[in-house]
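Peer 1: Structure of the sequence below:
(one chain, ligands or ions: 1)
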Amino acid sequence: MEYMMGDISRCLIEYFENDVRRINHAMKVASFARSIALEERVSEKELLIIEICGYLHDVGIKLAEEKYQSSSGKLQEELGPDIVKTLLNNLNIEDDILARICYIIGNHHSYNKIDGIDFQILVEADFIVNIYEDNVLKREVEEVNQRIFRTITGKSYLKHLYLSEVV
Ligand SMILES: [Fe+2]
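Peer 2: Residues are numbered from 1 along each chain as shown. Predicted structure coming up:
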């Protein structure tokens with residue numbers, strides 16, 4: 001499984017080509033997602049799903065922009081799963097794992113659809129990275145903590161990264 005992540009990150013880098021900002025974003029999300037997943041003691045299967053989703057969750061945005069000149073979250077969700085299936089085609093990923101990856105990527109902006117620890121961790125890792133990249137205000141981070149974050153590890157990361165008072 002560890003070696004497969006090399007293939008996945010290569011897929012990501014080749015897919016986004018010189019879009020360094022998006023490649024960096026996905027590399028960071030995958031790394032935070034893996035760290036949270038390890039701390040939360042998820043199963044091997046869940047770890048695989050979480051890590052692949054971390055790398056590939058935003059692939060829909062490229063096609064959305066090329067085809068529709070839009071980066072809307074809904075469009076990204078619609079376009080993402082088919083791209084992921086193509087990218088993962090040669091990697092012999094089991095059908096149920098691929099289906100779960102496509103479900104999470106196809107709904108990753110729809111927080112009311114979170115239905116498992118794998119999906120939850122991907123969303124938390126994406127927020128942790130986006131808060132920094134988008135300069136989100138502390139007041140909004142506190143709201144996200146209340147409204148979206150559920151895992152002890154994710155909440156702890158959020159606190160240490162963005163919410164602790166420096167004295
Ligand atoms: Fe993202």
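Peer 1: For the rest of this, base every contact and every neighbour count on C-alpha atoms.
Peer 2: Noted.
Peer 1: separation between Ile101 and Ala125?
Peer 2: Distance, Ile101 to Ala125, using CA to CA, to the nearest Å: 15 Å.
Peer 1: Let me know the pLDDT of Glu124.
Peer 2: pLDDT for Glu124: 98.
Peer 1: my guess is it contacts Ile152, does it?
Peer 2: No - Glu124 lies out of contact with Ile152 (CA atoms under 8 Å); the separation is 10.9 Å.
Peer 1: For the residue positioned nearest the centre of the chain, list the residues it contacts.
Peer 2: Nearest to the geometric centre of the chain sits Gly54, at 3.6 Å (CA atoms, centre = their mean). Taking CA atoms under 8 Å, 6 or more residues apart in numbering, we find Gly54 in contact with Ala26, Met27, Val29, Ala30, Ser31, Ala33, Leu122, Ala125, Asp126.
Peer 1: Recalculate using a threshold of 10 Å.
Peer 2: 9, 25-34, 48, 101, 105, 121-123, 125-126 (CA atoms under 10 Å, 6 or more residues apart in numbering).
Peer 1: try Val20
Peer 2: Contacts of Val20 (CA under 10 Å, 6+ apart): Ile13, Ala26.
Peer 1: quick one: it from Met27, how far?
Peer 2: 10 Å.
Peer 1: So for the two, which residues contact both of them?
Peer 2: Counting by CA under 10 Å, 6+ apart, the common neighbours of Val20 and Met27 are Ile13.
Peer 1: quick revisit: among Glu124 and Ile152, which residue is more densely surrounded?
Peer 2: Comparing Glu124 with Ile152 by other CA atoms under 10 Å, the one with more neighbours is Glu124, at 26 against 12.
Peer 1: was I right about that one contacting Gln146?
Peer 2: No - counting by CA atoms under 10 Å, Glu124 stays clear of Gln146, with 11.9 Å between them.
Peer 1: Overlap of the contact sets of these two?
Peer 2: In contact with both Glu124 and Gln146: Lys155, using CA under 10 Å, 6+ apart.
Peer 1: report the longest helix in the chain, please.
Peer 2: Criterion DSSP state H: the longest helix present in the chain is helix 20-39.
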